[in-house]
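J.: Predicted model and sequence follow; I will ask about them next.
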Amino acid sequence: MNKQSSGQQPHGGGEGDTDRLLTELRSQSSDLERLRALYEELETRNGLLHNEVLRLKRAQRTNVQDLARVAAVLLQISRVKGIALDPATLDILRRRGWLPTRPRTGARP
């Protein structure tokens with residue numbers, strides 16, 4: 001068998017080249033292990049952040065529903081008592097789409 005077919009370099013590198021390549025391989029292996037550990041840590045953090053985003057979205061949805069209910073009661077009280085809401089409150093209710101576009105006819109709920 002010649003040197004090329006046995007995996008050795010044709011220029012007759014020898015043991016020095018083999019030691020250098022083994023050192024480089026160990027270094028790359030160490031870097032790879034470090035990167036794997038970092039990747040796993042980042043995956044864990046990503047999962048936690050994803051769960052936190054879902055929690056915050058649920059909380060926000062609940063808050064909006066609660067505020068819509070409060071706004072409905074506020075409007076009802078305002079109408080029953082004949083007290084006009086201030087312009088800032090009316091503006092908020094309009095922006096949120098919580099003001100009816102036209103007065104309802106018929107029985108009250």
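T.: In hand now; what should we look at?
J.: C-terminal to the longest helix seen in the chain, which secondary structure element comes first?
T.: Ranked by residue count, the top helix of the chain under DSSP state H comes out as helix 15-81. Per DSSP states H and E, the first helix or strand lying C-terminal to helix 15-81 is helix 87-96.
J.: Give the other helices and strands that that next one contacts.
T.: If contacts are counted by 3 or more C-beta pairs under 8 Å, 6 or more residues apart in numbering; DSSP states H and E, helix 87-96 sits against helix 15-81. (Glycine included, C-beta is placed from N, CA and C.)
J.: Read off the pLDDT value for the spatially most central residue of the chain.
T.: Of all residues in the chain, the one closest to the mean position by C-alpha atoms, centre = their mean is His50, 4.5 Å from it. What the model reports as pLDDT for His50 is 98.
J.: what does Arg96 give?
T.: For Arg96, the predicted pLDDT is 89.
J.: what residues are up against it?
T.: For Arg96, the contacting residues are Leu67, Ala68, Ala71, by C-beta atoms under 8 Å, 6 or more residues apart in numbering.
J.: gap between it and Ser78?
T.: Arg96 sits 16 Å away from Ser78, going by C-beta to C-beta, to the nearest Å.
J.: list the contacts for Leu32?
T.: Taking C-beta under 8 Å, 6+ apart as the test, Leu32 contacts no residue whatsoever.
J.: how many neighbours does Ile92 have?
T.: Neighbour count for Ile92, taken as other C-beta atoms under 10 Å: 15.
J.: ok, back up a step: which among the contacts of Arg96 count as buried?
T.: With neighbours counted by 16 or more other C-beta atoms under 10 Å, these contain buried members at Ala71.
J.: could I get the contacts of Arg96 as CSV with distance to Asp19?
T.: Formatted as CSV, these follow (distance: C-beta to C-beta, whole Å):
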residue, distance to Asp19
Leu67, 71
Ala68, 73
Ala71, 77
